[in-house]
Structure formats: structure tokens, C-alpha cells
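> Give me a model of this one.
(one chain, ligands or ions: 1)
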Amino acid sequence: MSTAPPLVPWRDAVIYQIYPRSFQDSDGDGVGDLNGIRRRLPELERLGVDYLWLSPVYASPGVDNGYDVSDYYAIDPLMGTLEDMDALIAEARERGIGIVMDLILNHTSDQHAWFQESRDPASPRRNWYHWCPSPPGQAPNNWTGFFGGGCWTRDDGPGGSGDSYLHLFAPGQPDLNWAEPAVFDTFVDIIRFWTDRGVAGFRLDVINVLWKDSLADGRRSLILTGSEHYLSRPHLHTLLQQLRRQAFAPAGAFTVGETVFVDLPAARQLTAPEREELDMVFPFEHMESDQIIVKWITRPFHPRRLFAALRRWQENLDWNAVYLENHDQPRLVPRFGDARRYPVQSATLYAVLLLTLRGTPFIYQGQELGLLGRDWESLDELQDVESHQVYGVMRSLRFPARLAWFLIRLKSRDNARQPYPWSAEHEGGFTSGRPWLRLHRAYREHNYAAQAGRPGSVLEQYRLLLELRRLLPVLREGSFRSLYQTGRLFVYERRTAGPPAARVIVALNAGSRPLAFHRSLVRRLPDHLHVIYSNYDGEGGTVDRIKQEEAGLFTANADGRHLFAWRLRPWEAVILA
Ligand code: ISL
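Numbers count the residues shown, from 1 in each chain. Next up, the predicted model:
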């Protein structure tokens with residue numbers, strides 16, 4: 001009999017995303033693997049996270065680092081075996097940690113047996129993908145893909161029919177045709193295969209592009225021409241309801257959908273509990289606050305746009321996923337913070353933000369160390385298929401080479417994919433061999449071991465904030481109300497009606513200068529507030545004090561500190577009660 005503690009319900013949970021090939025290598029081949037993750041479970045438990053979402057670990061030729069699956073029932077040999085996966089699920093479970101898998105329903109690898117069979121027009125699998133006749137040099141429609149350029153490839157290879165297949169992503173990622181009932185049935189079986197092994201939830205890759213209304217030409221657009229035919233179409237909702245009813249719900253598995261370009265009305269539909277589609281979605285709007293139209297065209301970051309977007313989503317959705325980093329986004333600190341002058345404060349300000357908004361927070365590996373990225377010297381160092389493809393498109397549009405490289409370097413997904421620096425040892429303790437992607441040059445200073453147990457470090461502040469979340473129900477369940485959101489300042493309240501009634505106020509100064517509160521804001525705040533957490537508070541005593549006080553927390557002025565002088569230091573984040 002297992003003595004494992006029950007898993008925390010997903011609404012109360014904090015989820016940690018692992019990019020397995022960059023987390024921990026256990027066999028010296030330079031690629032992270034499942035046994036590496038198993039080895040690091042003590043560190044993850046110590047951090048205090050409840051679920052691990054693993055980016056894909058299925059068998060894959062690796063054109064898009066596993067987002068091109070060639071067998072959904074098998075583990076990539078680079079990552080380990082099914083037995084390793086079973087052991088990981090069991091050992092994590094013993095520590096009260098659940099495993100969430102990434103599920104790629106929109107496309108497979110072109111090496112998948114299904115696709116190989118479908119290349120034959122007479123094959124029963126022909127209809128599993130979107131095949132269209134096309135004369136050489138002419139695509140069946142004018143759609144453009146996510147990685148820039150066209151999204152049709154003609155099957156001219158040996159045994160090919162000369163027809164073209166649709167791929168919204170890389171040519172090695174043909175889109176499945178969800179109008180074929182056998183595709184649906186097969187995925188119900190695949191989901192059951194993994195939930196039977198103990199998987200607790202799924203992150204559904206680009207889930208809102210699954211259903212294509214038609215393959216007709218699209219309205220010409222700077223990005224994703226054709227997307228009006230497949231972004232969150234009505235039948236998508238039906239498919240999600242069926243998947244939930246037949247696969248996720250019977251196993252008690254929760255879902256978070258990655259929903260590209262999703263707007264609020266679509267997100268509301270997708271997550272409304274009574275509609276029984278998805279539990280949460282990943283919005284993109286707040287991550288676009290430093291860009292114009294496409295992610296590659298950047299503009300100077302201003303926190304006002306980030307806060308305004310987050311606030312809008314907080315106010316218009318009852319519950320959702322909250323995130324600031326993932327494996328597709330460059331690192332937070334150099335992007336939205338001040339990496340040069342306030343690397344720790346800006347990292348921890350965003351930790352406070354992430355962990356005090358309403359919703360289920362997702363931490364991306366390395367975010368809890370305040371990692372930086374962006375230390376690339378040339379395109380040759382990058383592995384990401386998108387970086388190379390987009391660079392080619394930019395050059396064909398006559399972008400000067402230096403400009404193209406400058407833009408790629410800023411936004412390349414490899415910024416988030418550098419192997420995890422565990423220590424100052426050989427390759428950061430990530431591998432005993434040669435890593436598949438170069439570590440950040442500063443790994444000897446910026447690493448897990450340098451921060452663990454050091455009060456005030458980014459890592460220890462994440463740990464404290466997670467503990468605070470567990471201790472204070474109001475941080476999980478409380479309603480959200482914005483009190484002030486202008487310029488670099490964001491002040492909001494979380495409140496539960498009780499009993500017992502509780503309230504906390506969070507105030508953030510996302511700027512490198514001190515900031516005094518305007519009188520109009522001060523007037524709206526209660527008289528007796530004290531700081532229960534500040535990211536300038538290096539002593540780490542906050543949580544211990546709260547533990548002792550627990551019941552009286554919101555009335556007692558615990559240590560007599562009345563620190564809150566209506567002024568925040570550069571990148572200061574405080575939680576007040
Ligand atoms: O990263 C992006 C642009 O730079 C996004 O457009 C990204 O392609 C989109 O969010 C979809 O992402 C997901 O599916 C892709 C995969 O490459 C990403 O890693 C994954 O998160 C295709 O499976």
C-alpha cells in the first residue's frame with residue numbers, strides 16, 4: 001500500500017515546468033533525461049511545487065525538441081524508458097508531487113508511422129492528415145505558418161504522391177485531420193494509456209488550432225494568413241467537450257490548454273466550468289507587451305502594458321493559469337526587469353506577482369534562479385528550428401544580416417532552453433559530457449548551489465513565497481481587485497469574505513527608481529497595514545513569524561514593524577496585511 005499523500009487539487013497548486021532535455025542529464029550524453037529528473041526530486045520538493053509539467057518526452061526525431069512525436073506510446077530513448085517514466089511518476093507521487101504531460105494533438109512528426117502510411121493515397125490513413133493536390137511550386141492555399149513562411153510541403157520524395165501536406169509548424173510536423181473519427185478515438189486511447197500509468201494532468205499544445213473549418217485561402221495578414229479558418233472555431237469546443245468526457249474526466253485528469261492568440265471571449269468559453277472543455281488556458285496577451293504585431297519586432301518594454309493586460313485577464317476570468325516564462329519565451333529578468341542593476345529584485349518582484357495573482361501559477365525551470373539567457377555570439381550556437389527558419393525568412397525579406405541576428409538573439413526560444421546550472425562544476429553539473437546546447441557563460445556564479453540556503457537569493461525567496469501561499473488561503477482563494485495600476489506601479493488586493501475574513505494587499509514598483517504613492521492611493525488603503533513580505537527582506541524570517549501567529553495574522557502588528565512608508569524602493573514588491 002502506498003503511503004503517498006494526496007495530490008493538491010490543481011486550483012490550489014503551483015506547477016513547475018520542466019524542459020527535460022535541459023534539466024538534468026544522468027547518462028552523460030549531454031541531453032537531460034527522466035532519471036535526471038528523478039535525481040532532482042528532493043530539490044523540487046524542497047522548493048515546494050505540487051506538479052511537474054514535463055515538456056514532451058515521447059519518442060521523437062527532435063526536429064522541434066519533442067513537439068514532433070513519432071510514437072505517443074513510447075519514451076524517447078534519449079530521455080529513458082517507460083520503466084523510468086513509471087518510476088518517476090511513483091517517486092514523485094511519494095513526495096506528493098503529480099506529473100503533468102505535454103500532449104501534442106495538432107500534429108505529429110513526419111516520421112510517425114501514421115504519416116508514413118498516409119503518404120500513400122490508397123492508404124486508410126490518407127485522411128488522417130491534410131493532403132491536397134498541388135502543382136510544383138504552388139501551395140494549395142495562401143496560409144502562412146507559425147515559424148514564418150509557407151505551411152505546405154510537397155511529397156516529392158521516393159514513394160511520394162506529389163501531393164502537399166499541411167503543417168502549421170515545421171515541415172517535420174504535419175497537421176492531423178481531426179475530421180477523421182479514428183484520430184479522435186486513437187487519442188482517447190493514448191490519453192488513457194498515460195492516465196492509467198498515473199499521469200495527473202495534461203498541457204495541451206496549441207490546442208485552439210486543432211479544428212480547421214476549411215482549407216480555403218485566408219485574408220492576407222502580416223501574421224498567420226488563414227488563421228480565421230482555424231483559431232478557436234466552434235467545432236473545436238465540441239471536440240474538447242468530447243475529449244473531456246471520454247478521456248480526461250474519467251481519469252480525473254486536469255487540463256491546461258496552450259491557446260495561441262486567444263482573446264478573452266474565447267478563453268472564457270474554453271474555461272467556463274459549466275461548458276466542460278478545459279480547466280485553464282495559457283493567455284498570450286501579457287507576453288506581447290514588448291512587441292509590435294509579431295514577437296520578432298520588439299519595442300521598449302513598459303510595465304504598464306504588462307500590468308494592464310494581466311489586470312484585464314484577472315478581472316474578466318474567474319480562474320486561469322498564470323505564467324511569465326516558459327520554454328518558448330526569453331527569460332524574464334533581462335526582458336521585463338533590470339538585469340544590470342537589480343537582477344535579484346526584479347526577479348523576485350515577478351515572483352511576488354506570479355504567486356499572488358488569482359489563478360494557478362506556473363514556474364518555468366530556472367525562473368526560480370532568475371536566469372538571464374541572451375549571451376549568444378552567433379546563429380551557429382542556436383539549435384531551435386524556429387530561430388533558424390525565421391532568420392532565413394528575415395534574410396529573404398532583405399533584413400540586413402546584423403539586424404536579423406540582433407532580433408533573433410533577443411527573442412530566440414533557446415534563451416530559455418539553456419541547460420539548468422546546478423552548480424559551479426563541469427557544465428554546471430548538468431552533464432558529465434557535452435551539453436546539447438551551451439550553458440549560460442555565467443553558470444559558475446549563477447547556479448542552484450550558489451543560491452540554495454542563502455537568505456535573500458531568488459531561489460530562497462521563491463521557496464518562501466510558495467510557503468506563504470500554502471499558509472495563507474487568501475493568496476489562493478481570495479478575490480482579485482486592482483487598487484491602482486498606473487505607470488510602473490501596480491497595487492491590488494486579494495480578499496476572502498470568510499469566515500475568517502482575510503485580506504492582503506500587494507504593491508509592486510516595476511522600475512529602477514524609488515516611487516512614492518500618490519495621496520489618492522494612500523487614502524484608499526486601510527490604516528493599519530504591515531509588511532508581511534518584502535523582496536528586500538533578506539533575513540527570510542517572514543514565514544516563521546507567520547507560522548507562529550497564524551490565527552492573529554491580520555490583526556496583530558507582529559513585530560511592531562510599521563515599515564510601510566508609502567514608498568517603494570527600486571523593484572520593490574511587498575505583501576501587506
Ligand atoms: O514560440 C512561438 C513563437 O515564437 C509560438 O508561436 C509557439 O510556436 C506557439 O506558442 C506554439 O507553441 C507550442 O507548439 C509548438 C512548439 O514549437 C512550441 O514549443 C510549443 O510550446 C509546436 O508544437
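> can you give me the strands for the stretch 351-500 of the chain?
According to DSSP state E, counting those that start in this stretch, the stretch 351-500 of the chain carries its strands in the segments 360-364, 479-486, 489-496.
> Which of those strands has the highest mean neighbour count?
strand 360-364 (a mean of 24; mean count of other CB atoms under 10 Å). For the C-beta atoms, the positions are set from N, CA and C on the backbone; glycine is no exception.
> before we move on, back to that, select, out of the strands of the stretch 351-500 of the chain, the one closest to residue 81.
With respect to residue 81, and counting by CB to CB, the nearest of the strands of the stretch 351-500 of the chain is strand 360-364 at 26.1 Å.
> if we look at the closest one, which residues are touching it?
Residues outside strand 360-364 that contact it (CB atoms under 8 Å, 6 or more residues apart in numbering): 10-11, 13-17, 19, 49, 53, 256, 280, 282, 319-323, 325-327, 329, 354-355, 416, 462.
> Export the strands of the stretch 351-500 of the chain as TSV, with columns for distance to the ligand and mean pLDDT.
Below are the strands of the stretch 351-500 of the chain laid out as TSV (distance: least, CB to the nearest ligand atom, whole Å; pLDDT from 0 to 100):
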stretch	distance to the ligand	mean pLDDT
strand 360-364	11	98
strand 479-486	26	95
strand 489-496	26	97
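> Tabulate those (TSV), appending distance to residue 119.
Shown next, in TSV, are the strands of the stretch 351-500 of the chain (distance: least, CB to CB, whole Å):
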stretch	distance to residue 119
strand 360-364	37
strand 479-486	51
strand 489-496	53
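> Same list, the contacts of strand 360-364, but only the ones touching the ligand.
Contacts with the ligand within the contacts of strand 360-364, as defined by CB under 6 Å from any ligand atom: residue 327.
> Inside helices: which ones of the contacts of strand 360-364?
Counted as lying in helices by DSSP state H, out of the contacts of strand 360-364, are 354, 355, 462.
> residues contacting the first one?
This means residue 354. So residue 354 contacts 322, 323, 324, 361, 363 (CB under 8 Å, 6+ apart).
> at 6 Å instead, please
By CB atoms under 6 Å, 6 or more residues apart in numbering, the contact list for residue 354 reads 324, 361.
> and the gap between it and the ligand?
19 Å (CB to the nearest ligand atom, to the nearest Å).
> mind checking how far that residue is from residue 14?
Applying CB to CB, to the nearest Å, the value for residue 354 to residue 14 is 9 Å.
> what's the neighbour count on the nearest residue to residue 12 once chain neighbours are set aside?
Excluding the flanking residues, the one nearest residue 12 by CB to CB, 6 or more residues apart in numbering is residue 476, at 5.3 Å. With neighbours defined by other CB atoms under 10 Å, the count for residue 476 comes to 21.
> Help me confirm that residue 476 comes into contact with residue 13.
No: Residue 476 sits out of contact with residue 13 when judged by CB atoms under 6 Å, with a separation of 9.1 Å.
> Output the below-cut-off pLDDT ranges for the stretch 401-550 of the chain.
538-550 (pLDDT under 70).
> Identify the residue of it closest to the ligand, quick one.
Residue nearest to the ligand within the stretch 401-550 of the chain: residue 413 (5.8 Å; CB to the nearest ligand atom).
> wait, what's in contact with that residue?
Contacts of residue 413 by CB under 6 Å, 6+ apart are 328, 384, 386.
> Look up how far residue 65 lies from it.
Distance, residue 413 to residue 65, by CB to CB: 9 Å.
> what do you get for residue 472?
38 Å.
> Please apply the same query to residue 415.
14 Å.
> quick one, which of these two is more surrounded?
residue 415 (27 against 23).
> Residue 43: which element?
In the assignment (DSSP states H and E), residue 43 maps to helix 41-47.
> got it, and residue 334?
helix 332-336.
> That helix - what's its average pLDDT?
For helix 332-336, mean pLDDT rounds to 97.
> Determine the set of other helices and strands touching that helix.
For helix 332-336, the elements it packs on are helix 343-356, judged by 3 or more CB pairs under 6 Å, 6 or more residues apart in numbering; DSSP states H and E.
> got a list of contacts for stretch 490-497?
Outside of stretch 490-497, the residues within contact range by CB under 6 Å, 6+ apart are 307, 474, 477-479, 481-484, 502-508.
> To clarify, my last question referred to stretch 322-334.
Taking CB under 6 Å, 6+ apart as the rule, stretch 322-334 contacts 19, 55, 339, 343, 346-347, 350, 354, 357, 359, 361-362, 364, 367, 370-374, 411, 413, 415-416.
> So what would you say the end-to-end distance of that stretch is?
20 Å (CA to CA, to the nearest Å).
> tell me the contacts of residue 111?
Residues near residue 111 by CB under 6 Å, 6+ apart: 61, 70.
> redo that, cut-off 8 Å
61, 68, 70, 172.
> so the first one sits right up against residue 172, yeah?
What it means is residue 61. Yes: applying CB atoms under 8 Å, one finds residue 61 in contact with residue 172, separated by 6.8 Å.
> For these two, indicate the residue with more neighbours.
More crowded of residue 61 and residue 172, by other CB under 10 Å: residue 172, with 22 against 15.
> where does the closest residue to that one other than its chain neighbours land in three-state SS?
In this structure, residue 172 finds its nearest non-sequential neighbour in residue 63, 3.6 Å apart by CB to CB, 6+ apart. Under DSSP: H, G, I helix; E, B strand; the rest coil, residue 63 falls in the coil class.
> how many neighbours does residue 63 have?
By other CB under 10 Å, the residues close to residue 63 number 18.
> mind checking pLDDT for the closest residue in space to residue 82 that isn't next to it in sequence?
Nearest residue to residue 82, sequence neighbours excluded (CB to CB, 6+ apart): residue 75, at 5.5 Å. At residue 75, the predicted lDDT confidence score is 98.
> and the gap between residue 75 and residue 268?
36 Å.
> Neighbour count for the two, which is higher?
residue 75 (21 against 16).
> can you count the residues close to residue 465?
Residues within reach of residue 465, counting by other CB under 10 Å, total 27.
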